[in-house]
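K.L.:
sequence and predicted model, in that order:
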Amino acid sequence: MYLTRLMGYDYEIHYRPGKTNVVVDALSRILLPSSNSQLLWSVPCLTFLDELKQHLVNDPIFLKLRGTISDDPTTYLDIQLLRI
């Protein structure tokens, strides 16, 4: 759930060792609830990427632009084609 929310931001993750990261250090020291508790792991399912790829394969505007960039990469210097 949080991965999809964070994807739209430009950020950096900095490691802070041990007690210098006060908030996280305090949270890590909280006693865990009893073993009867259940934990939930949520993982995003990004099916929209597959749908986008399928759509682009049939889009004449995209195919023309991709062909132009493939033929002469200097046409659009800020665009780089990736092979996925």
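P.N.:
Everything's here; your move. Everything numeric in this text was worked out from a predicted model, so none of it was measured.

K.L.:
what are the buried residues along stretch 13-24?
P.N.:
Neighbour-count burial for stretch 13-24, counted by 16 or more other CB atoms under 10 Å, picks out no residue. Using the backbone N, CA and C atoms, a C-beta is placed for each residue, glycine as well.

K.L.:
how long is that stretch from one end to the other?
P.N.:
14 Å (CA to CA, to the nearest Å).

K.L.:
tell me the mean pLDDT for that stretch?
P.N.:
Mean pLDDT, stretch 13-24: 77.

K.L.:
now swap in stretch 56-70 and tell me
P.N.:
Here the average pLDDT along stretch 56-70 is 91.

K.L.:
quick one: distance of stretch 52-62 to the chain centre.
P.N.:
Centroid separation for stretch 52-62 versus its chain: 22 Å, with CA atoms, centre = their mean, to the nearest Å.

K.L.:
who touches the longest helix along the chain?
P.N.:
Criterion DSSP state H: the longest helix present in the chain is helix 60-71. Helix 60-71 is touched from outside by 56-57, 75-76, 79, 81, with contacts defined as CB atoms under 8 Å, 6 or more residues apart in numbering.

K.L.:
secondary structure added to these, as CSV?
P.N.:
Converted to CSV, the contacts of helix 60-71 look like this (DSSP: H, G, I helix; E, B strand; the rest coil):
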residue, secondary structure
Leu56, helix
Val57, helix
Thr75, coil
Tyr76, coil
Ile79, coil
Leu81, coil
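
K.L.:
now the two most distant members of those.
P.N.:
Using CB to CB, those span at most 21.5 Å, a distance reached by Val57 and Thr75.
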